[in-house]
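Novice: Predicted model follows, preceded by the sequence.
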Amino acid sequence: MTISTYISDLLYRYECVILPGFGAFLTQNLSARIDNDTNTFYPPSKIISFNRQLQTNDGLLANYVASAENISYEVALRQVRDYASTLLKRLEKGEVVTFKNIGEISKNTEGTLLFSPKENQNFNTSSFGLSPVISHLIEREIQETPAAEKQKDPIKRLPSHPERRSYLKYAAAAAIAVLAIGFGGVKFYENQQEQQNLAERQKATDLIENRIQEATFVIKNPLPPISLKISRQSGNYHLVAGAFREEENAGKKMDELRENGYSPRMLTSRYGLHQVLYQSFESQTEALLELRKIRNNENEHAWLLVQEID
């Protein structure tokens with residue numbers, strides 16, 4: 001399988017896949033929508049874009065290639081970098097580079113990379129198997145009512161009578177009186193209930209204050225407060241200080257990191273390497289920022305491991 005196929009596989013699960021030395025492919029969720037011009041319903045999808053500025057290796061693609069082809073991380077990273085170098089040379093010659101199921105990238109006269117995403121390619125796994133649906137316009141016929149039927153009065157009015165009007169007047173007055181009495185009764189009950197609730201709350205408050213006063217005590221010689229610094233060790237983004245064949249060498253590296261103020265831990269890979277981790281993060285952005293600091297100040301060979309671990 002080619003590197004572009006691996007990139008396509010990762011875009012189904014991650015929002016950012018970086019090809020070191022070349023750029024990054026980004027995905028953005030797009031809600032279901034209706035095109036009123038074509039009467040087409042589109043399911044939820046992901047928009048693919050390309051960012052030339054993101055070129056720093058985060059370890060995601062190289063780790064996936066190493067796992068898929070059963071090779072070491074170093075060999076996989078070398079293959080990824082060679083692939084990126086080949087693409088840049090092709091673009092310099094004016095060729096159009098095609099990424100399977102993703103799109104095409106070309107270079108204009110100003111040296112800017114132009115990305116054209118592939119149409120009808122949906123990386124949203126929740127919409128798997130769904131395709132755009134075209135709903136044909138439904139035309140309804142409106143039947144007009146004949147003028148003769150419109151003039152008929154469908155409501156038969158009762159004849160007006162003085163005694164009937166007087167009866168309705170008394171009935172309305174009686175109904176208003178009943179409603180007024182009922183409303184007054186409800187307000188009286190609500191006032192009584194509110195006063196009772198206030199009395200019960202006051203009893204409970206007094207009881208709690210008395211118990212607090214009885215339980216209050218003073219420590220003459222209190223112990224000084226203790227500040228605990230707990231390192232953050234959760235998340236799927238891990239900063240790797242080094243990978244060692246011998247566990248003893250990995251232990252020495254961990255001792256060195258502890259002296260520098262870190263709380264390292266060790267992770268054994270499927271290839272038998274003992275990977276020493278600086279720290280783990282929930283956010284990829286935070287991990288990349290910390291990785292940049294470590295590379296600039298301490299270890300230029302540190303790298304980012306993206307993996308879900310216990």
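Specialist: Right, received. Where do you want to start? Quick caveat: nothing in here was measured; it's all calculated off a predicted structure.
Novice: Run a quick neighbour tally on residue 2.
Specialist: 10 (other CB atoms under 10 Å). C-beta coordinates here come from the backbone N, C-alpha and C atoms, glycine included.
Novice: Return the residues in contact with the residue found closest to it once you drop the neighbours it is linked to in the chain.
Specialist: Of all residues not flanking residue 2 in the chain, residue 100 sits nearest, at 6.9 Å (CB to CB, 6 or more residues apart in numbering). Contact analysis of residue 100 by CB atoms under 8 Å, 6 or more residues apart in numbering lists 2, 4-5, 8.
Novice: out of the residues you listed, which are buried?
Specialist: Burial by neighbour count, judged by 16 or more other CB atoms under 10 Å, picks out 4, 8 from the contacts of residue 100.
Novice: For the contacts of residue 100, could you give me a markdown table that also reports secondary structure, distance to residue 306 and pLDDT?
Specialist: Converted to a markdown table, those look like this (DSSP: H, G, I helix; E, B strand; the rest coil; distance: CB to CB, whole Å; pLDDT from 0 to 100):
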| residue | secondary structure | distance to residue 306 | pLDDT |
| --- | --- | --- | --- |
| 2 | coil | 21 | 84 |
| 4 | helix | 19 | 88 |
| 5 | helix | 18 | 90 |
| 8 | helix | 17 | 86 |
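Novice: From the contacts of residue 100, pick the one nearest residue 270.
Specialist: Sorting the contacts of residue 100 by how near they are to residue 270, with CB to CB, puts residue 5 at the top with 21.3 Å.
Novice: ok, and the closest non-adjacent residue to the closest one?
Specialist: Excluding the flanking residues, the one nearest residue 5 by CB to CB, 6+ apart is residue 100, at 5.5 Å.
Novice: Look up how far residue 308 lies from that neighbour.
Specialist: Note on residue 100: its distance to residue 308, by CB to CB, to the nearest Å, is 26 Å.
Novice: And for residue 70?
Specialist: 20 Å.
Novice: More neighbours: the two, which one.
Specialist: residue 70 (9 against 6).
Novice: and the more buried one, what does it touch?
Specialist: By CB under 8 Å, 6+ apart, no residues touch residue 70.
Novice: Can you list phi and psi of it for me?
Specialist: Per-residue torsions, residue 70: phi 60, psi 50 (degrees, to the nearest 10).
Novice: got the end-to-end distance for stretch 2-18?
Specialist: 15 Å (CA to CA, to the nearest Å).
Novice: which parts of that stretch are buried?
Specialist: Buried residues in stretch 2-18, counting neighbours by 16+ other CB under 10 Å, are found at 3-4, 6-8, 10-11, 14, 16-18.
Novice: Mind pulling up the pLDDT for residue 150?
Specialist: Residue 150 carries a pLDDT value of 56.
Novice: try the one 3 residues further on
Specialist: The score at residue 153 is 54. That number is its pLDDT.
Novice: Cool, thanks, talk later.
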